[in-house]
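Asks: Below are the sequence and a predicted model for it; my questions follow.
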Amino acid sequence: MDEKEIKEIRETVLTVCEMAEGKAGFEVYASLGGGLGIEAKGGEVDSIKARSSKGVGIRVVKDHKPGFSYTNVFDEASLRNMVETALSSSVYATVDEGLIFSEAGKASTVDRIEGLVDDTLSSSREEDMIAKAIAIESEAVGFDKKIKRVRKASYSESSGFSKVVNSNGVDVEHRATYCSASVMAVAEDESGSQMGWEAMMSHLKKDIDPKWIGHEAARRAVGLLGSREIPTIKCPAVIENTVAIDLLSTLSASFFGDNVIKGKSMLSKKVGESVASECVNIVDNGV
């Protein structure tokens, strides 16, 4: 993703806004993304996957009725057809008196958030990414003789850009880069086999440590060898961070501010009350 592609997205959004101006309330969203992922196996490249995407969509509200359409073709005829399709689809929609678009405010002048974009990704070499995937596998295999094989030692880099403009003056952009790596190691002994998994994700390439990922996945796999079930008991427990995330994920919908406001959360009537240990602090900041 380069500046030329980002410029095209900005110009496309402006064109769509001009086409919709005066015909209805509208909100235009456009996005651009792409990336490369590497998987290693047996000390060699097992697969290379590249992806790219771009598209633009428009939501309209006319006579309190919504319409929507989108396209990934950016020529003038396709964009005009998209706008007309959104307008015509609103004719058959149900009236919603409360349907409005966000007003311009602080959200329309958001500064670039530090730490979301790694400019060095644009100069990343495929060879370096391959080396990182292979290093992850190598570290896992070399951790212990009980590690018999590794599944999906992978490393990937991607970037994304999006822009939203509406008829109420909102004009915001978001740009970010993403780096991730993961591996699954399989350990075996006389007690059987166990799998250990580890991953790292960050907006910045420097935060990803291939050797640590391979080491931790192997350590988890070896550590599970000989494990067994225990009787059901009540006792204090130390919960690993990844397990805590899984537990919280089952309740995640109740923490969303949108669900609380709409009364769809079991916590809707408990605003201001203590509902968990003081050690737990969850924030929905919308970022």
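Replies: Structure's in. What do you need?
Asks: can you map out the helices along the stretch 1-150 of the chain?
Replies: 3-20, 76-90, 126-142 (DSSP state H, counting those that start in this stretch).
Asks: pLDDT score for Ile245?
Replies: For Ile245, the pLDDT comes out at 84.
Asks: Wasn't it part of a strand?
Replies: No - Ile245: not assigned to a strand; according to DSSP: H, G, I helix; E, B strand; the rest coil it is helix.
Asks: distance of the most far-flung residue of the chain relative to its centre from Ala217?
Replies: What lies farthest from the middle of the chain is Glu190; by CA atoms, centre = their mean that is 40.3 Å. Going from Glu190 to Ala217 by CB to CB, to the nearest Å gives 22 Å. In this view, the C-beta of every residue, glycine as well, is placed from N, C-alpha and C.
Asks: Could you tell me which residues make contact with the residue farthest from the centre of the chain?
Replies: If a contact means CB atoms under 8 Å, 6 or more residues apart in numbering, then Glu190 has no contacts.
Asks: chain center to the host helix or strand of Gly196: distance?
Replies: Element membership for Gly196 (DSSP states H and E) is strand 192-202. Strand 192-202 sits 20 Å away from the centroid of its parent chain (CA atoms, centre = their mean, to the nearest Å).
Asks: and that strand, what's its mean pLDDT?
Replies: Rounded mean pLDDT across strand 192-202 is 95.
Asks: Give me the contacts around it.
Replies: In contact with strand 192-202 (CB under 8 Å, 6+ apart) are residues 148, 151, 178-188, 207-209, 212-214, 216-225, 227.
Asks: For Trp197, see how far away the closest residue in space to Phe74 that isn't next to it in sequence is.
Replies: Leaving out its chain neighbours, the residue that sits closest to Phe74 by CB to CB, 6 or more residues apart in numbering is Thr12, at 5.3 Å. Distance, Thr12 to Trp197, using CB to CB: 40 Å.
Asks: who's more crowded, those two?
Replies: Thr12 (21 against 16; other CB atoms under 10 Å).
Asks: about what we covered before: other SSEs contacting the helix or strand following the strand holding Gly196?
Replies: Next along the chain after strand 192-202, taking DSSP H and E as the criterion, comes helix 210-224. Where contact means 3 or more CB pairs under 8 Å, 6 or more residues apart in numbering; DSSP states H and E, helix 210-224 is packed against helix 126-142, strand 147-166, strand 171-189, strand 192-202.
Asks: tell me which residues of helix 210-224 are tucked away?
Replies: 210, 213-222 (16 or more other CB atoms under 10 Å).
Asks: you'd agree Arg175 is up against Asp118?
Replies: No - using CB atoms under 8 Å, Arg175 is not in contact with Asp118; the gap is 10.9 Å.
Asks: between those two, which one's more packed in?
Replies: Applying other CB under 10 Å to Arg175 and Asp118 shows that Asp118 carries more neighbours, namely 20 against 16.
Asks: State the distance from that one to Met200.
Replies: 14 Å.
Asks: In a strand, Ser277, correct?
Replies: No - judged by three-state DSSP, Ser277 forms no part of a strand; its state is coil.
Asks: Let me know how buried it is, in neighbour terms.
Replies: Burial measure for Ser277: 7 neighbouring residues, criterion other CB under 10 Å.
Asks: I'd like the helices of the stretch 1-150 of the chain as TSV, with mean pLDDT appended.
Replies: Below are those laid out as TSV (pLDDT from 0 to 100):
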stretch	mean pLDDT
helix 3-20	96
helix 76-90	97
helix 126-142	96
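Asks: Could you identify which of those helices is most buried?
Replies: helix 126-142 (a mean of 20; mean count of other CB atoms under 10 Å).
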